[in-house]
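In: below are the sequence and a predicted model; questions follow.
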Amino acid sequence: MKIQSLALSLLMGSVLAAPLTARAAAYTAIQQDKSHIAFGYKQMGVGMQGQFKKFSAVLNFDPAKPAASKAELTVDIASIDTGSAETNDQVSDKDWFNTKQYPTARFVSGAIKPLGGNRFQVDGKLTIKGRTQAVSTVATMTPQGAMAAFDGALNIKRADFAIGEGDWRDFGTVANEIQIKFHLLARAK
């Protein structure tokens, strides 16, 4: 009877531990076609939206070890889509993003800590147009089988990165506040 109890305990222990082990796998492979980076801002008081069509991401996220996890995003600024070809060309110019000199924006995580409920605080450095600022955001991880979605938003001020110089410095036309939204779908190792 004791042997059966021990065997049952071991079997139940391994069955109960299996989902925890599967869930603790590191998410590393970003699904580019199912991920996106978008942004929102106000122009003359009207909400505007856009997105970046090309970016790369390096992720090594283990929910069991968030402090050892890393995230890095590199955005091709020239892939901007504001919904208008004329505006896309304009924001690539020197006064806005100056994509000839600064073709990419980059985020590199420095610390990731759990907040509970599959939410994580992600602190790091954001570099746009040659200027680097410390930033912080909250990302929510939603497990989906062998995949997980990471969603969040980051608020920045365009003046901190010299986005909109010259005649565009006035925040009455284009607001200083920009919200960057991300949705990254990653596969576990």
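Out: Ah, there it is. Since we're looking at a predicted model, the values are computed, not measured.
In: in stretch 77-87, what counts as buried?
Out: Using 16 or more other Cβ atoms under 10 Å as the test for burial, stretch 77-87 gives 77-80, 82, 87. C-betas here are computed from N, CA, C, even on glycine.
In: hmm, I typed the wrong one, I wanted stretch 124-138.
Out: Neighbour-count burial for stretch 124-138, counted by 16+ other Cβ under 10 Å, picks out 124, 126-129, 135, 137.
In: strands of the chain, start to end?
Out: Secondary structure of the chain by DSSP state E: the strands cover 27-30, 36-43, 46-52, 55-60, 70-76, 80-81, 104-116, 119-128, 131-144, 147-157, 177-188.
In: who wins for proximity to residue 168 among the ones you listed?
Out: Among those, strand 36-43 comes nearest to residue 168, with 10.7 Å by Cβ to Cβ.
In: who touches that closest one?
Out: 47-52, 55, 73, 75, 158, 173-175, 177-183 (Cβ atoms under 8 Å, 6 or more residues apart in numbering).
In: check what pLDDT residue 114 gets.
Out: Model confidence at residue 114, given as pLDDT, is 96.
In: next: residue 145.
Out: Listed pLDDT for residue 145 reads 89.
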